[in-house]
Structure formats: structure tokens, C-alpha cells
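Asker: next comes the sequence, and after it the predicted model I'd like to discuss.
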Amino acid sequence: MADFTAQRAAYLQIADEFKRKIRDGELEPGAKLPSESELMTRHDVSRTVARQAIARLREDGYATSHQGKGSFAALPGEGGAAKHSPEFEQITEYLSEVRRDVRRLAERMDQLEDLVRQQGQAR
């Protein structure tokens, strides 16, 4: 279970836990992932956090979702999709890196805004 007392956002910790399980073979590609409700109960988080965790897994290629059926484990690049040109793969990887960088910057901005807010309240 994720340690939600840490600085890292809960949804990222949950997503990281599932990524590790998928990479380590504890969850096979195609295995059904817990529903939002199950994640809420298991990790004692809100529906928003559960939804963000699943969305993060999809964004990073570790899950596929099918409306009415749920989300399923996947390995990045092995979603059963048709093979693409090397250029397409390079662009896709680059865009994934950009998305990760933007998320990190957004998280850092949130931290800085919290710090400024706290300093303003201390005065």
C-alpha cells in the first residue's frame, strides 16, 4: 500500500504501485485492474484520486480502459496496436516525455504556490 503521508501525490503513488506490479509480472497484461470504488476502499482515497491514478496508468501505457468493462493492465507499447513507423514511435515517446515533464512542472508549481501561501499566512 502506498504511503500517503509522503510529499508525492496519492494518485501518483497508487499508479506507481500498479506500474511496479505490472513490470514485475505480479499483474499480467490483460489482467483486470481494480475499479475506482475498489481503489477508494483499498487506499482510503477519494473517487477523484482513484480516477486520476487510473488515468495516469492509461497515459503512461500501463492500462487500457473499456467502457462498461473496466481497466486492464498493459505494458507500454504492447497494447495490441498495429506497428507504427520508427518516426511515429520516436514522436510518441517524445510526447510522453513532454507530458511527464509538464506534470512534474505542474506539481512543482503547486508546491511553490502552497509555500508562498503558507509564508503569506505566517506574516
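Answerer: Nice, I can see it.
Asker: residues touching stretch 14-33, excluding its own?
Answerer: 1-2, 39, 43, 45, 49-50, 53-54, 56-57, 60, 62-63, 70-75, 78 (C-beta atoms under 8 Å, 6 or more residues apart in numbering). Every C-beta, even on glycine, is put in place using the N, C-alpha and C of the backbone.
Asker: among those residues, name the buried ones.
Answerer: 2, 39, 43, 45, 49-50, 53-54, 56-57, 60, 62-63, 70-74 (16 or more other C-beta atoms under 10 Å).
Asker: these in strands, which ones?
Answerer: Members of these lying in strands (criterion: DSSP state E): 63, 70, 71, 72, 73.
Asker: out of those residues, who's nearest residue 117?
Answerer: Lowest distance from residue 117 to these (C-beta to C-beta) belongs to residue 63, with 34.0 Å.
Asker: now do the closest one, the pLDDT please.
Answerer: With respect to pLDDT, residue 63 scores 94.
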